[in-house]
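Asks: Build the 3D model from these lines:
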Amino acid sequence: MRTMRLLPALVGALVGLLVYFAAVRDAGAVPSFARKYQTSCLTCHTVFPVLNPFGEAFRRNGYRMPSQNGSTDIEAVKGEMIPLGQEEYKQMFPDAVWPSKIMDSVPIGFVANGGIAYNFGDSDAAAAAGNQFALNDLYAELHIFAAGAISETLTYYSELNITKDGVDPENAFVMWSDIVGPPHLVNVWVGKLAYPSIISFGSHSTYLGDFAVPPLGIAGLYNPSYTKAIPTKHPNAIELNGVVGHRVMYAIGLAQSNAVNASLIPDTQDFYAHLGAKIGGMSLDGEGPCGPTVPDAMKPWAERSLTLDAYGWSGLLVFNNGTGVAKGLVSQNDHFAVLGAQARGYLDSLSVTAGVQAQHHDQPYPGSPAKAGPPAVSGVPFGASGNSLMGYGEIAYVVWPWFVPGVRAEYTRIDVNSLAPNADPADGAYASLLRIIPGVAMLVRPNLNVTVSAELDQAYGVPPVGDWGNANGLIAPAQTDASGKYVTTKLEAEQVNLTAALGF
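Replies: The predicted structure is shown next:
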């Protein structure tokens with residue numbers, strides 16, 4: 001008994017010591033749903049923003065409760081509702097306005113996050129930041145969520161992000177569910193999506209990373225003006241999705257094509273498609289024979305299942321190829337294609353995720369730079385193609401409902417054309433980055449998340465310009481030694497992080 005009494009104190013002391021080592025991680029919980037349904041955050045989350053099987057079903061259903069014995073979402077609402085018209089108006093339509101209901105309380109929630117990072121003294125992270133310890137991200141973001149229902153089949157979700165740098169409307173979209181056919185078969189999501197449905201899980205369904213599928217923009221390693229190919233979040237898009245027979249999920253989407261400069265915005269040419277299937281465990285929509293009832297009510301995260309996902313993306317990114325005189329803007333179209341797959345398995349409290357993604361880019365490299373002169377001479381575009389391969393995995397175990405240790409690994413390999421501008425002529429065959437992230441995610445309270453993690457990076461053939469941040473890396477571009485040879489291989493511990501997020 002004495003040991004059990006000491007355990008919370010020891011954990012609290014550990015958190016207190018580690019609070020000096022923190023960094024920022026995106027938030028993903030929506031407290032307004034807890035108010036709407038008068039339930040705990042743990043109904044849908046393990047350590048938020050990670051969703052448990054019921055929470056994932058709730059999200060896939062357009063943020064509506066799974067049906068039990070023919071129930072509807074409105075029957076699950078426990079908060080006070082204000083009727084906007086009488087039910088009899090439905091029989092009078094179109095001579096009367098179709099009635100609706102809204103929450104008595106304003107459907108708004110808040111999540112604040114921040115932290116501190118400790119960069120190891122000899123690391124590239126410290127060199128890039130110019131310090132080892134700083135409080136600049138102690139406050140990082142305030143997310144303001146508004147989410148709810150317009151009608152039984154029409155719901156909405158929006159998020160406003162307030163940072164030190166300004167205000168960003170991160171997402172705002174409407175979900176029209178159950179348009180035709182059986183429930184959940186045909187749904188349309190329109191607007192600035194939180195995340196395109198390229199996997200069956202939410203975008204932040206990782207305990208130790210930011211995004212479940214790591215972002216990658218291979219040209220950004222050789223051209224700082226480039227950006228990521230697949231939007232990691234918040235694209236303007238129209239998506240058709242649904243769940244077939246409780247176990248199969250599909251999604252087809254049209255997303256806005258990206259440009260690195262507002263004056264270069266192209267016609268929309270991005271299309272994506274996703275197909276997923278789940279074996280065992282709770283069904284994808286939380287209904288049917290394997291509906292919302294979990295095997296162990298004390299462990300709502302625990303199930304035995306395997307979910308397989310495959311996706312493809314064909315798109316266009318327009319960027320400045322750098323060949324213009326006096327930094328003039330010269331657009332270059334880079335058509336790209338992406339194929340990816342992910343598998344996630346649950347064995348009671350153990351979860352294992354593994355994924356792979358391949359990208360092909362028609363012309364991702366910048367051209368040779370212009371010469372200011374006199375006389376001024378324009379640069380020459382470089383039209384070679386580029387390829388990349390990315391793999392990732394995460395293992396986590398729920399020891400207690402509030403304590404989840406794990407380890408995540410991400411590997412990025414870029415095939416480099418040795419003749420491309422900014423490529424290393426000595427080691428131009430490929431460049432690679434391996435990230436290993438051990439850590440623990442904790443709930444100090446159901447609405448207070450603390451994550452402690454470390455990062456170890458190994459890089460090979462890192463290009464001398466560009467941004468490994470496109471692959472989430474911290475190692476800086478390659479430097480040369482005294483003889484002029486590129487220092488292309490590094491293995492170093494970069495930083496220790498602690499992130500904290502409070503939802504209210």
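
Asks: Run through the stretch 251-400 of the chain and note the low-pLDDT ranges.
Replies: Residues of the stretch 251-400 of the chain meeting the criterion pLDDT under 70: 261-264, 326-327.

Asks: Note down every partner strand of the helix or strand containing Val190 and its orientation.
Replies: Element membership for Val190 (DSSP states H and E) is strand 187-192. Partner strands and pairing direction for strand 187-192 (DSSP bridges) are strand 166-176 (antiparallel), strand 236-244 (antiparallel).

Asks: So what touches the longest one?
Replies: Meaning strand 166-176. 62-63, 143, 150, 153-162, 187-194, 233-234 (Cβ atoms under 8 Å, 6 or more residues apart in numbering). The C-beta positions use only the backbone N, C-alpha and C, and glycine is treated the same way.

Asks: Going through those residues, which ones are buried?
Replies: Among the contacts of strand 166-176, the ones that count as buried by 16 or more other Cβ atoms under 10 Å are 62-63, 143, 153, 155-161, 187, 189, 191-194, 233-234.

Asks: And stretch 344-354, end to end?
Replies: Chord length of stretch 344-354, first to last residue, is 6 Å (Cα to Cα, to the nearest Å).

Asks: same question but for stretch 321-336, I mixed them up
Replies: Stretch 321-336: ends 16 Å apart by Cα to Cα.

Asks: buried residues in that stretch?
Replies: Within stretch 321-336, the residues that count as buried by 16+ other Cβ under 10 Å are Asn321, Gly322, Thr323, Gly324, Val330, Gln332, Asn333, Asp334, His335, Phe336.

Asks: do stretch 255-268 as well
Replies: Buried residues in stretch 255-268, defined by neighbour count with 16+ other Cβ under 10 Å: Ala255, Gln256, Ser257, Asn258, Ala259, Val260, Leu264, Pro266.

Asks: Can you flag which of those belong to strands?
Replies: Judged by DSSP state E, strands contain the following of the buried residues of stretch 255-268: Ala255, Asn258, Ala259.

Asks: Now the two most distant members of the buried residues of stretch 321-336.
Replies: Gly324 and Phe336 (22.9 Å; Cβ to Cβ).

Asks: which ones are touching Val352?
Replies: Counting by Cβ under 8 Å, 6+ apart, Val352 has contacts Arg344, Gly345, Gly393, Glu394, Ile395.

Asks: The third one pairs with what?
Replies: When bridges are assigned using DSSP bridges, the partners listed for Gly393 are Ala354, Ala409.

Asks: ok, it touching Leu434?
Replies: No. With contact taken as Cβ atoms under 8 Å, Gly393 and Leu434 are classed as non-touching, separated by 11.6 Å.

Asks: residue ranges of the strands in the stretch 1-150 of the chain, please?
Replies: 81-84, 100-103, 108-119, 133-134, 141-149 (DSSP state E, counting those that start in this stretch).

Asks: I should have written the stretch 351-500 of the chain there, sorry.
Replies: Remark: strands assigned in the stretch 351-500 of the chain by DSSP E, counting those that start in this stretch are 386-397, 403-415, 430-445, 448-460, 489-503.

Asks: okay, those strands in CSV with mean neighbour count next?
Replies: Formatted as CSV, the strands of the stretch 351-500 of the chain follow (neighbours: other Cβ atoms under 10 Å):
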stretch, mean neighbour count
strand 386-397, 20
strand 403-415, 20
strand 430-445, 19
strand 448-460, 21
strand 489-503, 20
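
Asks: how about the ones you listed, which one is nearest Ser32?
Replies: Of all these, strand 489-503 comes closest under Cβ to Cβ, at 9.7 Å.

Asks: Apart from its neighbours in sequence, what residue is nearest Pro381?
Replies: With Cβ to Cβ, 6 or more residues apart in numbering as the criterion, Pro381 has its nearest non-adjacent residue at 4.1 Å, and that residue is Gly367.

Asks: Look up how far Thr353 lies from that neighbour.
Replies: Between Gly367 and Thr353 the distance is 39 Å, computed by Cβ to Cβ, to the nearest Å.

Asks: of those two, who's got more company?
Replies: Thr353 (25 against 22; other Cβ atoms under 10 Å).

Asks: is it true that the more buried one touches Gly393?
Replies: Yes. Counting by Cβ under 8 Å, Thr353 does reach Gly393; the two are 6.1 Å apart.

Asks: and the ones in strands among the buried residues of stretch 255-268 as JSON lines, adding distance to Pro49?
Replies: Putting these into JSON lines (distance: Cβ to Cβ, whole Å) gives the following:
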{"residue": "Ala255", "distance to Pro49": "22"}
{"residue": "Asn258", "distance to Pro49": "25"}
{"residue": "Ala259", "distance to Pro49": "29"}
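
Asks: Which member of these is positioned nearest Gln495?
Replies: Asn258 (29.2 Å).

Asks: Quick check: bridge partners of the closest one?
Replies: Beta-bridge partners of Asn258, as defined by DSSP bridges: Leu317.

Asks: And it, how far from Phe133?
Replies: Distance, Asn258 to Phe133, by Cβ to Cβ: 35 Å.

Asks: what's the answer for Ala441, then?
Replies: The gap separating Ala441 from Phe133 is 23 Å, by Cβ to Cβ.

Asks: Asp270 too?
Replies: Noted for Asp270: a distance of 41 Å to Phe133, by Cβ to Cβ.

Asks: Okay, Pro196 and Cys290: tell me how far apart.
Replies: For Pro196, the distance to Cys290 - Cβ to Cβ - is 27 Å.

Asks: Neighbour count for those two, which is higher?
Replies: Shown here are Pro196 and Cys290; by other Cβ under 10 Å, Pro196 has more neighbours (25 against 18).

Asks: Would you confirm that the more buried one contacts Ile238?
Replies: No. Counting by Cβ under 8 Å, Pro196 sits too far from Ile238 to count as a contact (10.6 Å).
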